[in-house]
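Undergrad: Return a 3D structure for these sequence lines:
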Amino acid sequence: MATFEDKYQAVLTYLRDNQPNLGQIAKVDTYLTETNAAFEAAELDPQRRLELIELRNEAMTAATSARRSAQQADQALRDEIAAALSIRKASPLTAARRISPSVATDNYTPPLQYPGHDRDRGISR
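TA: The predicted structure follows:
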């Protein structure tokens, strides 16, 4: 049976050697939660408990850092996909607006006039 030290070291090694995605980070969080619950319930001498608390804090900090990195990578991927999809769907004018805001003002088109539009403003014929 693995000791608490082995479990926390395994988490640190995994996070150091890999770049886990959000799904893998969720599994690491679950593993740490279970290990922390068992650690809190265990009866250990005070000195050993302090050593393990330091190791646990290091593992929790590494997991938090890895989660943040995974979230940033996930957001960057989402932004890249959204940009690729919007460029593919873009009309030449929309693409030009994205490149240069001045193009959007040069190509101003007034809103469409619908039948009965004058009546909406209270003007009678």
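
Undergrad: got the residue ranges for the helices in the protein?
TA: Ranges of helices in the chain, per DSSP state H, are 4-17, 22-41, 46-89, 92-99, 101-106, 117-120.

Undergrad: Just name the most buried of those.
TA: helix 4-17 (a mean of 16; mean count of other Cβ atoms under 10 Å). (Each C-beta comes from the backbone N, C-alpha and C, glycine too.)

Undergrad: Quick check: mean pLDDT of that one?
TA: Summarised as a single mean, pLDDT over helix 4-17 is 94.

Undergrad: what residues does that helix touch?
TA: With contact meaning Cβ atoms under 8 Å, 6 or more residues apart in numbering, helix 4-17 is reached by 2, 20, 28, 31-32, 35, 38-39, 42, 51-52, 55-56, 58-59, 62-63, 65-66.

Undergrad: And stretch 32-50, by the same measure?
TA: 4, 7-8, 11, 52, 56, 59-60, 63.
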